[in-house]
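[1] starting from these lines, generate the structure:
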Amino acid sequence: MTRLQQAGGGVLFVTYGNGHIAKVAPVVAALEAKGVHCTVLAMTLGYAQSLRLGMKPVGYKDLLHLVDADAAMKYGRMLWPENQHPDVDELESCSYLGINYLEWVETYGEEEAAARYRKGGRRSFLPVRFLGKVIDFLQPAVVVSTSSPRSEQAAIEVAVQRGVPNLTMLDVFAMPHDTYLHHKVYADRITAPSALAGQQLRNAGIDPSKIRVTGCPAYDALRDASQAPLGTQLKRALGWNGLKVLLWAGSLEQDETGVPAEFYGTKFGVLVEQRLRNFVASHPDLALIVRYHPTQYNVFPDLGAQERVYVSNPAADRLLPQLHAADTVIVQTSTVGFESALLGKRLLCLSFSPRVINTEYDFSELGIAESVAALDDLVPVLERPRAQIADLGGFPPPGPATPRVCEEILALMKR
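    Numbers count the residues shown, from 1 in each chain. Have a look, this model is predicted:
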């Protein structure tokens with residue numbers, strides 16, 4: 001796979017972030033094994049992750065020639081200080097921010113661009129014009145995106161406008177407040193990870209003929225029994241042989257209405273982490289892994305070294321060994337929860353989290369988790385036996401998802 005090839009044909013993947021790159025990577029590998037040329041536009045954190053997975057991605061920095069590069073970099077450097085992240089290099093970050101902001105300036109003018117940024121920040125970007133230039137330059141036969149609302153959705157909208165066959169890989173579930181359900185334009189094909197997710201798409205009024213229940217390629221590796229010893233190896237390395245392991249996969253509470261001051265930002269995660277640390281301290285048969293979201297871990301405070309507590313750096317530590325090592329996983333809305341449920345782990349959803357409440361994204365309502373209704377309930381729930389959970393169709397169909405998704409992409413290439 002070359003980084004940038006203006007040859008026409010092939011598949012253009014547009015995605016970002018560690019989790020979304022994990023969905024794309026096995027599909028890219030399978031298509032390339034069949035001789036299909038793939039270009040992966042991997043943004044922000046996704047760029048480094050795609051390199052770690054052996055791909056040769058294209059970043060926004062490789063596409064500066066499609067815009068006024070000097071103007072884009074001027075805006076990018078202006079925005080970079082408040083958006084920098086230790087795992088995204090400065091040039092890529094400035095290119096991403098600058099190209100998106102420049103599109104606002106060229107479309108709406110300086111004053112309106114500034115107003116839009118003040119209101120929504122980078123989360124409001126939808127670079128349709130820029131992705132149009134990218135697609136016109138690369139001339140792909142098919143465009144594939146993950147289901148995020150910025151560059152990914154822009155790529156789908158452009159592909160639909162241009163008549164280029166296109167496909168979106170849905171994340172996990174499609175809850176009522178999910179931005180994805182409020183788009184005006186949808187891909188020709190949407191791959192859903194489960195029957196429940198497919199039904200949610202249909203309930204939202206999306207054309208059923210677009211929907212295919214394939215499972216999610218990111219989770220195919222979870223079916224590989226040879227990976228199970230990774231958990232034992234991690235526990236041995238940490239000196240945790242014979243211990244039961246809790247995994248807290250938390251994230252920030254922000255950008256939502258009604259977040260109590262005591263929960264806002266890092267405070268929710270810290271409160272949960274402290275409860276778990278205290279619980280582990282009083283139970284010598286337990287250990288704790290703290291793993292905050294890859295885009296946010298750097299802003300959470302260090303609560304200090306503690307026996308049988310490991311604070312993970314998700315930029316360096318693979319998730320799979322930690323999942324295999326864990327006996328119980330605690331989440332708000334993280335897809336780590338879904339992955340842990342697929343492995344048969346006990347999953348606790350913090351249903352009192354503002355993120356869970358505001359998005360209606362409660363794994364306990366989806367048939368894959370037990371609910372923790374309040375912070376004071378966390379320890380009692382941990383101390384009681386695991387509850388039985390009714391299957392609501394939230395798990396993927398049997399067999400690997402990657403061949404099914406590839407089949408849909410190859411069918412689109414023949415159109």
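[2] I'd say F263 and P354 touch.
    Yes - using CB atoms under 8 Å, F263 is in contact with P354, at 5.9 Å. For glycine as for every other residue, the C-beta is placed from the backbone atoms N, C-alpha and C.
[3] surely I389 and E370 touch.
    Yes - with contacts counted by CB under 8 Å, I389 reaches E370, the gap being 6.9 Å.
[4] coming back round to it: overlap in contacts, F263 and P354.
    Shared contacts of F263 and P354, defined by CB atoms under 8 Å, 6 or more residues apart in numbering, comprise E253.
[5] more neighbours, those two?
    More crowded of F263 and P354, by other CB atoms under 10 Å: F263, with 21 against 18.
[6] any idea how far that one lies from A374?
    Using CB to CB, to the nearest Å, F263 is found at 12 Å from A374.
[7] so what sits against both of these two?
    Here F263 and A374 have no joint contacts, going by CB under 8 Å, 6+ apart.
[8] pretty sure Y310 is touching R277, no?
    No - judged on CB under 8 Å, Y310 makes no contact with R277 at a distance of 11.4 Å.
[9] shared neighbours, the two?
    Common contacts of Y310 and R277 (CB under 8 Å, 6+ apart): L288.
[10] what number of residues lie near the nearest residue to A387 once chain neighbours are set aside?
    Leaving aside its sequence neighbours, A387 sits nearest to E370 (CB to CB, 6 or more residues apart in numbering; 5.0 Å). Using other CB under 10 Å, E370 has 19 neighbouring residues.
[11] what's opposite E370 in the beta bridge?
    Beta-bridge pairing of E370 under DSSP bridges involves L348.
[12] secondary structure class for L167?
    strand (DSSP: H, G, I helix; E, B strand; the rest coil).
[13] immediately after the worst-scoring helix or strand of the chain on mean pLDDT, which helix or strand?
    Counting by mean pLDDT, DSSP states H and E, the chain has its least confident helix or strand at helix 45-52, which shows a mean of 85. On the C-terminal side of helix 45-52, the closest following helix or strand by DSSP states H and E is helix 69-83.
[14] which other residues reach whichever helix or strand comes after that next one?
    Next along the chain after helix 69-83, taking DSSP H and E as the criterion, comes helix 90-108. The contact list for helix 90-108, computed with CB under 8 Å, 6+ apart, reads 43-44, 47, 59-61, 63-64, 67-68, 71-80, 83-85, 112-113, 116-117, 122, 125, 127-130, 150.
[15] may I have helix 90-108 as CSV, with CA atoms only?
    Output in CSV follows, covering the C-alpha atoms of helix 90-108 (Å, rounded to 0.1, in the frame of the first residue of the first chain):
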residue,chain,number,x,y,z
GLU,A,90,2.5,19.0,15.4
LEU,A,91,2.6,19.2,11.6
GLU,A,92,-0.4,16.7,11.2
SER,A,93,-2.4,18.5,13.9
CYS,A,94,-1.8,21.9,12.4
SER,A,95,-2.6,20.6,8.9
TYR,A,96,-5.9,19.0,10.2
LEU,A,97,-7.0,22.1,12.1
GLY,A,98,-5.8,24.6,9.5
ILE,A,99,-7.4,22.9,6.5
ASN,A,100,-10.7,22.6,8.3
TYR,A,101,-10.7,26.1,9.6
LEU,A,102,-9.6,27.5,6.2
GLU,A,103,-12.7,25.9,4.6
TRP,A,104,-14.9,27.8,7.1
VAL,A,105,-13.0,31.1,6.2
GLU,A,106,-13.4,30.5,2.5
THR,A,107,-17.0,29.5,2.8
TYR,A,108,-18.3,32.0,5.5
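[16] any buried residues in it, and which?
    92-105 (16 or more other CB atoms under 10 Å).
[17] between helix 45-52 and that helix, find me the angle.
    140 degrees (axes from the mean of the first three to the mean of the last three CA atoms, to 10 degrees).
[18] for helix 90-108, what is the distance to the chain centroid?
    Taking CA atoms, centre = their mean, to the nearest Å, one finds the center of helix 90-108 at 22 Å from the center of the full chain.
[19] and it, what's its mean pLDDT?
    Averaged over helix 90-108, pLDDT sits at 95.
[20] following the chain past that helix, name the next helix or strand.
    Next along from helix 90-108, by DSSP H and E: helix 110-120.
[21] packing partners of the next helix-or-strand element following that next one?
    Next in sequence after helix 110-120, counting helices and strands by DSSP H and E, comes helix 128-138. Packing contacts for helix 128-138, counted by 3 or more CB pairs under 8 Å, 6 or more residues apart in numbering; DSSP states H and E, involve strand 11-16, helix 90-108, helix 151-162.
[22] at 7 Å what do you get?
    Secondary-structure packing of helix 128-138 (3 or more CB pairs under 7 Å, 6 or more residues apart in numbering; DSSP states H and E): helix 90-108, helix 151-162.
[23] quick check: buried residues in that helix?
    For helix 128-138, burial by neighbour count (16+ other CB under 10 Å) applies to V128, F130, L131, G132, K133, V134, I135, L138.
[24] before we move on, what about stretch 208-219?
    Applying 16+ other CB under 10 Å to stretch 208-219 flags K210, I211, R212, V213, T214, G215, C216, P217, A218, Y219 as buried.
[25] which of those residues fall in strands?
    I211, R212, V213 (DSSP state E).
[26] from those, pick the one nearest T39.
    T39 lies nearest to R212 out of these, by CB to CB, at 23.0 Å.
[27] mind checking pLDDT for the closest one?
    On the pLDDT scale, R212 is placed at 98.
[28] same deal with K414?
    89.
[29] I figured E32 hits V40, correct?
    No - proximity of E32 to V40 does not meet the contact threshold set by CB atoms under 7 Å, at 10.5 Å.
[30] give me the more crowded residue out of the two.
    The residue with more neighbours, out of E32 and V40, is V40; 25 against 15, by other CB under 10 Å.
[31] residue ranges in the stretch 101-250 of the chain under the pLDDT threshold?
    Judged against pLDDT under 70, the stretch 101-250 of the chain has no low-scoring part.
[32] end to end on stretch 221-240, go ahead and measure it.
    Length of stretch 221-240, first residue to last, CA to CA, to the nearest Å: 24 Å.
[33] what does that stretch contact?
    Under the contact criterion CB atoms under 7 Å, 6 or more residues apart in numbering, stretch 221-240 has outside partners 241, 243, 245, 287, 308, 310, 320-322, 324-325, 339, 342-343, 400.
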